[in-house]
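**Student:** for reference, the sequence and a predicted model appear below.
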Amino acid sequence: MIKIRNPKDFWAGLIFIAIGAGAAIIARDYPMGTIARMGAGYFPFVLGTLLALVGVIITLMALGADGEPVGAFALRPLFVILGAVVVFGVIVKTLGMVISLALLVIGTAFGGHEFKLKEVLILAVVMAAFCTLVFIKGLGLPFPVWPAFGQ
Amino acid sequence: MELLSNLGLGFSVAFTTTNLLYCFLGVLLGTLIGVLPGIGPIATIAMLLPVTFTLPPVSALIMLAGIYYGAQYGGSTTAILVNLPGESSSVVTALDGYQMARQGRAGVALATAGLGSFFAGCVATFLLAAAAPPLAEIAFKFGPAEYFSLMTLGLVLAVVLAHGSVIKAVAMILLGILLGFVGQDVNSGIPRFTFGIPEIQDKLEFVCVAMGMFGFAEIIRNLEKKGDRDVFTNEVHGLMPSKKDFKDAAPAVVRGTLLGSILGILPGGGAILASFSAYTLEKKLAKDPSTFGKGDIRGVAAPESANNAAAQTSFVPLLTLGIPPNPVMALMVGAMIIQGIQPGPLVMTSKPDLFWGLIVSMWIGNLMLIILNLPLIGIWVKLLKIPYRLLYPAILAFCCIGVYSVNNAAVDVYLTAFFGLVGYVLIKLDCEPAPLLLGLILGPMMEENLRRAMLLSRGDPMTFVERPLSAVLLGVAVVLLALVFAPAIKKKREEAFQEAD
């Protein structure tokens, strides 16, 4: 019976194997060329294979030596924050800086441990105003300030 | 003397009102983001990159450079007062700095960090001025084989000096190089690993990976822990170190400066590495290492001098060889290309005003920083009173604006979120993101040079060993790699890093 003694390394190794092998397989579809005239697939194929091999070593070593278990994932911050960031990317062009940024601040703040509505609302307003002034008015970055239909 | 006339040219460039202003702006911003945990020079420079387009080239580079070394000053303030690294290069400063603050010696610790950084900054500026011209000469002798070997050495160094598992660092570098393949192959124009996403047909935006893995993933990790931090804000008085403090700290500052300067020049080095190594060295040299971690002044003096020295000397490979030795320098390449300047040995001869102006501005910047950070420390302390729950949404907001504005593309924001997820998973599995970033930066250049070298040698790989410069570089890399896997050294290395933790 195989026992995983170092879970962190075991999973890391498997990830490396998957990515390395995947890269090597995809790279085989590109022209390989010869060693003197390397094609687009040559170096990626070699490195993908190497990564997979290193992954195998890490995985095997994880069976032989003890290590710490993988800690708990902070799922709430992870998904709430990354979700808020993605939403910002979706809406910023149509809804403009002020609304998108305020939503981003409120959304990301919601991913933390403490959420005090009043405090967060003030922060959202301050940040939206500050970023509009500094980045759009001051530095001239090409963001719309308000929703397109509002103008 | 040529050096003097060159420095004279530098002074005439750096001392114009505009450039002094941008230098000040840079170091001020640098201190600010250095003090604030969670936002670093990478995010800040990325955010300002599109803006620099409108500035004259010299002013743009002077400001961006100021952000990098300014952050090294600011980072120590947070490390000492809050026990939280304001900057990742100040992680080790927190060990003894915070203990000093708890003993009521916060002022002394801050002054030591500031004065040490200033000394290091002056020495590094001079080193940069003295070392760059001869190195640029050597760079002209470099062919593709030498470039490839040098980058291999850089990556090996990053592995040897990386924190934690050696083999996982190797894997992370390979992963980084693979990520660097994403986009169009420069030789054949074939898009590689693009998965049909049109926005990455050209290349994967480096800023997305860097900001996702360092910025986002770090913030999420910080949010794992509940509870707020203690800030020693009322106890900052008595800035001046005593005579004994001076005697203890001075040799550490000198050693830290030297070590930092060397590690900054090497590809794969940089401020983070320098501070870790300097701390380890001090502990090794100390007669009684048990005082470290309990408020030893050397534990503050050495790493803070080292990280500032390295931040400045890391411009050497960029300006002489055109190789960015760390992620921040990779962004500087971006800034130079925006201005139509190709980094490399030609910069010095074709744009001497830019080269020498930048160097002299660093010295001026250091002078500004010591004033900003010591007499005005009270202002920065106030900033630290902002609770993290309000700070991180603001930091994320700046990051999002920064990522979006690099290419004006929403896809970059999604990619950053994706790499935030990837980075967080990797952190949970104890895989350091720094080697990955280096692989990502150097990967495309390595492939390019490997192909050219192979083409020139008609497919004979012996070219790497037959050319003397290349052979030496590769030899050093092999020896280092062999050493790090040798059982005895491996154990020592693990101990060293354990101590630094």
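**Tutor:** Structure received.

**Student:** okay, CA-based contacts and neighbour counts for the rest of this
**Tutor:** Will do.

**Student:** the stretch 201-350 of chain B against chain A: which residues are in contact?
**Tutor:** With C-alpha under 8 Å from any C-alpha of the partner chain as the criterion, the stretch 201-350 of chain B meets chain A at residues B:220, B:221, B:223, B:224, B:226.

**Student:** which single residue in chain A comes nearest to chain B?
**Tutor:** Closest to chain B within chain A is residue A:36: 3.6 Å, counting by C-alpha to the nearest C-alpha.

**Student:** residues in contact with that residue?
**Tutor:** By C-alpha atoms under 8 Å, 6 or more residues apart in numbering or on different chains, the contact set of residue A:36 is B:451, B:454, B:455, B:457, B:458, B:459, B:460.

**Student:** let's go with 7 Å and repeat that
**Tutor:** Each residue near residue A:36 by C-alpha atoms under 7 Å, 6 or more residues apart in numbering or on different chains is listed here: B:454, B:455, B:458, B:459.

**Student:** would you show me how to pick out the buried ones of these in ChimeraX?
**Tutor:** Those of the contacts of residue A:36 that count as buried under 16 or more other C-alpha atoms under 10 Å in any protein chain shown are selected in ChimeraX with:
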select /B:454,455,459
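
**Student:** among the contacts of residue A:36, which are in helices?
**Tutor:** Mapping the contacts of residue A:36 onto helices (DSSP state H) picks out B:454, B:455.

**Student:** the nearest residue to residue A:37 once chain neighbours are set aside and residue B:449: what is the separation?
**Tutor:** Nearest non-adjacent residue to residue A:37, counting by C-alpha to C-alpha, 6 or more residues apart in numbering or on different chains: residue B:455, 5.9 Å away. Plainly put, residue B:455 is 10 Å away from residue B:449 if you go by C-alpha to C-alpha, to the nearest Å.

**Student:** swap in residue A:62?
**Tutor:** 36 Å.

**Student:** make CSV from the contacts of residue A:36 and add pLDDT to it.
**Tutor:** Shown next, in CSV, are these (pLDDT from 0 to 100):
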residue, pLDDT
B:454, 89
B:455, 89
B:458, 87
B:459, 83
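
**Student:** so how many other residues sit close to residue A:117?
**Tutor:** Residue A:117 has 12 neighbouring residues, counting by other C-alpha atoms under 10 Å in any protein chain shown.

**Student:** ugh, wrong one, I meant residue A:121
**Tutor:** Neighbour count of residue A:121, defined by other C-alpha under 10 Å: 16.

**Student:** centre of the chain to the one helix or strand it maps to, how far?
**Tutor:** Of the helices and strands defined by DSSP states H and E, residue A:121 is found in helix A:117-131. The gap between where helix A:117-131 is centred and where its chain is centred comes out at 25 Å by C-alpha atoms, centre = their mean, to the nearest Å.

**Student:** name the helices or strands packed onto it?
**Tutor:** Helices and strands touching helix A:117-131, by 3 or more C-alpha pairs under 7 Å, 6 or more residues apart in numbering or on different chains; DSSP states H and E, are helix A:75-109.

**Student:** contact partners for the residue nearest the centre of chain A?
**Tutor:** Centroid-nearest residue in chain A: residue A:82, 8.1 Å away (criterion: C-alpha atoms, centre = their mean). With contacts defined as C-alpha under 7 Å, 6+ apart, residue A:82 is in contact with residue B:417.

**Student:** recalculate using a threshold of 8 Å.
**Tutor:** B:417, B:418, B:420, B:421.

**Student:** of these, select the buried ones using a PyMOL command.
**Tutor:** A single PyMOL command selects the buried members of the contacts of residue A:82 (16+ other C-alpha under 10 Å):
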select buried, chain B and resi 417+418+420+421
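
**Student:** near chain A too, which of the contacts of residue A:82?
**Tutor:** Checking the contacts of residue A:82 against chain A by C-alpha under 8 Å from any C-alpha, the ones in range are B:417, B:418, B:420, B:421.

**Student:** which pLDDT does the model give residue B:491?
**Tutor:** Residue B:491 is assigned a pLDDT of 62 by the prediction.

**Student:** rewinding a little: from the ones next to chain A among the contacts of residue A:82, pick the one nearest chain A.
**Tutor:** residue B:417 (5.4 Å).

**Student:** now do the contacts for the closest one.
**Tutor:** Residue B:417 touches A:82, A:85, A:86, B:212, B:216, counting by C-alpha under 8 Å, 6+ apart.

**Student:** tell me the buried residues within those residues.
**Tutor:** The neighbour-count test (16+ other C-alpha under 10 Å) marks A:82, A:85, A:86, B:212, B:216 as buried among those.

**Student:** could you say which helix or strand holds residue B:194?
**Tutor:** Applying DSSP H and E, one finds residue B:194 in no helix or strand.

**Student:** wait, it touches residue B:179, no?
**Tutor:** No - using C-alpha atoms under 8 Å, residue B:194 is not in contact with residue B:179, being 10.3 Å away.

**Student:** which of those two has more residues huddled nearby?
**Tutor:** residue B:179 (24 against 17).

**Student:** how about residues contacting the one helix or strand residue B:316 maps to?
**Tutor:** Assigned by DSSP H and E, residue B:316 belongs to helix B:315-321. With contact meaning C-alpha under 8 Å, 6+ apart, helix B:315-321 is reached by B:128, B:131-133, B:135-136, B:139, B:265-267, B:323-325, B:329, B:333, B:343-348, B:355.

**Student:** and residue B:116, what does it touch?
**Tutor:** Neighbour list for residue B:116: B:253, B:301, B:302, B:304, B:305 [criterion: C-alpha under 8 Å, 6+ apart].

**Student:** mind checking the SS state of the first one?
**Tutor:** Right, the one you point to is residue B:253. Three-state assignment for residue B:253 (DSSP: H, G, I helix; E, B strand; the rest coil): helix.

**Student:** for it, which non-adjacent residue is spatially closest?
**Tutor:** Computed as C-alpha to C-alpha, 6+ apart, the closest residue to residue B:253 that is not its neighbour in sequence is residue B:302, at 4.9 Å.
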